[in-house]
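Chemist: below is the structure, and that's it, no one-letter string:
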């Protein structure tokens with residue numbers, strides 16, 4: 001959390017410096033792209049990060065409690081939890097996109113890539129439920145962090161992503177924490 005907060009502040013400061021340079025070096029043709037500048041507030045960003053971390057942590061712990069302290073299977077629990085999300089999504093869709101639904105239909109814009117992403121998201125949800133049911137929430141968090149690092153490393157080659165110092169430092173911390181958690185569990189006392 002501290003490293004992530006630090007990277008937000010550093011990136012915010014760098015973007016503020018970059019925005020002042022951009023304003024000083026604007027050409028008349030660039031005025032439309034630089035006309036709208038948003039003020040950034042590092043304190044508000046850090047508070048948002050803390051709130052997101054707390055709510056995510058509580059949700060993960062509650063999810064683990066629900067899965068481990070009930071007799072229903074993971075599949076039944078996923079269906080029960082998914083019904084609430086599905087109902088909220090349907091209500092939101094009907095409120096926000098009713099005219100588009102009537103005109104274009106529900107499946108407008110569904111391409112093979114969209115269907116693949118939907119299937120990947122569904123399978124990810126099931127895998128996360130299995131991980132939380134049979135291990136714990138910390139393993140899920142480490143797996144998510146390692147997946148982000150893996151995706152970022154892949155994007156270096158695929159999308160020419162440039163990793164900065166904060167990213168590399170954060171990645172080293174995640175890998176180190178994962179290693180320590182996996183290898184240095186509680187010692188078993190032998191008599």
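Modeler: That came through, no problem. These numbers come from a predicted model, not from an experiment.

Chemist: for residue 162, identify the helix or strand it belongs to.
Modeler: For residue 162, there is no host helix or strand (DSSP states H and E).

Chemist: now residue 109
Modeler: Residue-wise, residue 109 maps onto no helix or strand under DSSP H and E.

Chemist: so how far is whichever helix in the chain runs longest off the chain centroid?
Modeler: Criterion DSSP state H: the longest helix present in the chain is helix 74-104. Distance of helix 74-104 from its chain centroid, counting by Cα atoms, centre = their mean, to the nearest Å, is 21 Å.

Chemist: next, the buried residues of that helix.
Modeler: For helix 74-104, the neighbour count (16 or more other Cβ atoms under 10 Å) marks 77, 78 as buried. To be clear about C-beta, it is placed using only N, CA and C from the backbone, and glycine gets the same treatment.

Chemist: for that helix, name the packing helices and strands.
Modeler: The contact analysis (3 or more Cβ pairs under 8 Å, 6 or more residues apart in numbering; DSSP states H and E) places helix 74-104 against helix 42-68, helix 112-134.

Chemist: what angle separates the first one from helix 112-134?
Modeler: Regarding helix 42-68 and helix 112-134, their directions subtend 70 degrees when assessed with axes from the mean of the first three to the mean of the last three Cα atoms, to 10 degrees.

Chemist: where does residue 154 land in three-state SS?
Modeler: helix (DSSP: H, G, I helix; E, B strand; the rest coil).

Chemist: and it, how far is that from residue 106?
Modeler: 33 Å (Cβ to Cβ, to the nearest Å).

Chemist: check residue 76 too.
Modeler: 27 Å.

Chemist: show me what contacts residue 176?
Modeler: Shown in contact with residue 176 (Cβ atoms under 8 Å, 6 or more residues apart in numbering): no residues.

Chemist: and the helix or strand where it lies, how far out from the chain middle?
Modeler: Here residue 176 sits within helix 165-183, counting by DSSP H and E. The chain centre lies 17 Å from the centre of helix 165-183; the measure is Cα atoms, centre = their mean.

Chemist: for it, buried residues please.
Modeler: Quick answer for helix 165-183 (16+ other Cβ under 10 Å): 166, 167, 170, 171, 174, 178.

Chemist: any idea of the mean pLDDT for that helix?
Modeler: Mean pLDDT, helix 165-183: 80.

Chemist: run the chain-centre distance for stretch 143-156.
Modeler: 11 Å.

Chemist: state the mean pLDDT of that stretch.
Modeler: 80.

Chemist: contacts for it?
Modeler: 131, 161, 162, 163, 167, 171, 174, 175, 178.

Chemist: could you redo the last one with a cut-off of 6 Å?
Modeler: 161, 171, 174 (Cβ atoms under 6 Å, 6 or more residues apart in numbering).
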